[in-house]
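>>> pasting the structure only:
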């Protein structure tokens, strides 16, 4: 399930891309199989998720042999990235910042490793759908490793802009997922036994695998109002 629009990043052959907090590799795999041949680095704090991302490569067909491309994985902390200054052309950070105790440190590290003129894209849970989840369930927001903050996207945008970035695009995603999470939160203590939660989950899994035109258009129409995630795109000032 892809949240960010990779084509909005202006990708070119040979670019080095960091997927910060790559998790199980949903965006990383999309970068690796992109029309442009990229050198992709996936970083995550969870070793098990990185192993799942690596396993995902063996479940997909091989990419075109030319031009050459690569994918590298490393365990690391968003607040202390193990990379040299100005070492990436593009950086993404999707559904990660809401988990971090120190967002400022992570953004400073992203700024450090991104080349002047490079582009940075992030996504976080949208404020109001996330606030509904927090209201419905204490368990949702107190889950270990879960969400520790809710962002207002205009304030997050300003925070990045103050580092010397030009904002150039915003969009929303995953409108069909917002009601699913509200349902889970409403039935938090009994969600594993809930038939309605199980039925909605099957619907989302079917939609992900089949991508029928009806649900794609429905979600596209609903995203500006109901989208669970908001994505923001920035360009770093040139040197």
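Perfect, thanks for sending it. What you see is a predicted model; the values in this text were computed from it and never measured.
>>> please pull out the lowest mean pLDDT helix or strand from the protein.
helix 138-141 (a mean of 90; mean pLDDT, DSSP states H and E).
>>> now residue 157: how far from residue 236?
The gap separating residue 157 from residue 236 is 14 Å, by Cβ to Cβ, to the nearest Å. Placement of C-beta: from N, CA and C, glycine included.
>>> and what of residue 77?
Where residue 236 is concerned, residue 77 sits at a distance of 22 Å (Cβ to Cβ).
>>> the two: which has the busier surroundings?
Ranked by neighbour count (other Cβ atoms under 10 Å), residue 77 and residue 236 place residue 236 first, with 21 against 15.
>>> pLDDT wise, what is the more buried one at?
For residue 236, the pLDDT comes out at 98.
>>> quick check: closest non-adjacent residue to it.
residue 118 (5.1 Å; Cβ to Cβ, 6 or more residues apart in numbering).
>>> surely residue 90 is within a strand?
Yes: Residue 90: assigned to a strand according to DSSP: H, G, I helix; E, B strand; the rest coil.
>>> contacts only, for the residue positioned nearest the centre of the chain.
Central residue of the chain (Cα atoms, centre = their mean): residue 94, 1.9 Å from the mean position. With contact set as Cβ atoms under 8 Å, 6 or more residues apart in numbering, residue 94 has these partners: 3, 4, 19, 21, 27, 121, 122, 123, 231.
>>> what's the longest strand in this structure?
Secondary structure assigned by DSSP state E gives strand 114-125 as the longest strand of the chain.
>>> same question for the helix or strand just after that strand, mean pLDDT?
Following strand 114-125 in sequence order, the next helix or strand is helix 127-136 (DSSP states H and E). Helix 127-136 shows an average pLDDT of 97 in the prediction.
>>> against which helices or strands is helix 127-136 packed?
Under the contact criterion of 3 or more Cβ pairs under 8 Å, 6 or more residues apart in numbering; DSSP states H and E, helix 127-136 touches helix 138-141, helix 177-186.
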